[in-house]
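> Need a 3D model of the following:
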Amino acid sequence: MKERIEAIRAAARTAIEKTANENEIEELRVKYLGKKGELTALLKQMGSLSPEERPAMGQLVNEAKQKLEALITEKKAEMKQKATEARLKAEAIDITMPAKEVETGGIHPLNHVVNDMIDIFQSMGFDVVDGPEVETDHYNFECLNVPADHPARDMQDTFYLGENLLLRTQTSAAQIRTMETRKPPIRVICPGRVYRADEVDATHSP
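Below you'll find the predicted structure:
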């Protein structure tokens, strides 16, 4: 029986070391260590031995089982480690690869036209000035000779914020402020936002 134990142990060790499949390693565990496994079957045959032989043979079988169990545990850990390394390698990011190009926005066509016009006027010596978008009635209308009964002053055309405050309806108010603070000759352009309560049509946008 001793030779039989050693033969089973050697065959099991060789099979375990060669396998690289988790399903196969489980099949080998069942084959040698399961309830109907080969080493378990040897324990059932202990009854045929003499009382003097049983302790030694039982010890050999148990030692063989323990060593095979340790070998299987080690093999499973090894396979798990290799699987982890393979997954990490497959999922690794190659930092030498070119990154995906980030698409950025472009300049709005209207802003593009405004910028071109500014460049043209600046090349002729004009300065670019701007004023407050919340303007007073004085600068927005009075200084531009817009009389009190002018239609542009109506509520349906102008956004009023209070008795004397409004959202500017043109940028000419910035020209008035510039003339108050500069000496002639004055060459300025005043691009900027204006606010009018226009009806939406092909030439107007509120």
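
> Secondary structure class of Glu135, three-state.
For Glu135, the assignment made with DSSP: H, G, I helix; E, B strand; the rest coil gives strand.

> these two touch, right, it and Asn164?
No. Contact between Glu135 and Asn164 fails when scored by CB atoms under 8 Å: they sit 9.6 Å apart. C-beta: built from backbone N, CA, C; applies to glycine.

> so Cys190 makes contact with Arg177?
No. Cys190 is not in contact with Arg177 according to CB under 8 Å; the separation is 9.4 Å.

> Check which helices and strands the one helix or strand in the chain whose mean pLDDT sits lowest sits against.
Least confident element among the helices and strands of the chain, by mean pLDDT, DSSP states H and E: helix 38-44 (a mean of 76). Contact partners of helix 38-44 among helices and strands, from 3 or more CB pairs under 8 Å, 6 or more residues apart in numbering; DSSP states H and E: helix 2-18, helix 22-33, helix 54-91.

> Show me what counts as buried in that helix.
Glu38, Leu39, Leu42 (16 or more other CB atoms under 10 Å).

> Of the residues you listed, which is the nearest to Ala77?
Using CB to CB, Leu39 is the member of the buried residues of helix 38-44 that lies nearest Ala77, at 21.8 Å.

> Now do the contacts for the closest one.
By CB atoms under 8 Å, 6 or more residues apart in numbering, the residues touching Leu39 are Ile5, Ile8, Tyr32, Leu33, Val61, Ala64, Lys65, Leu68.
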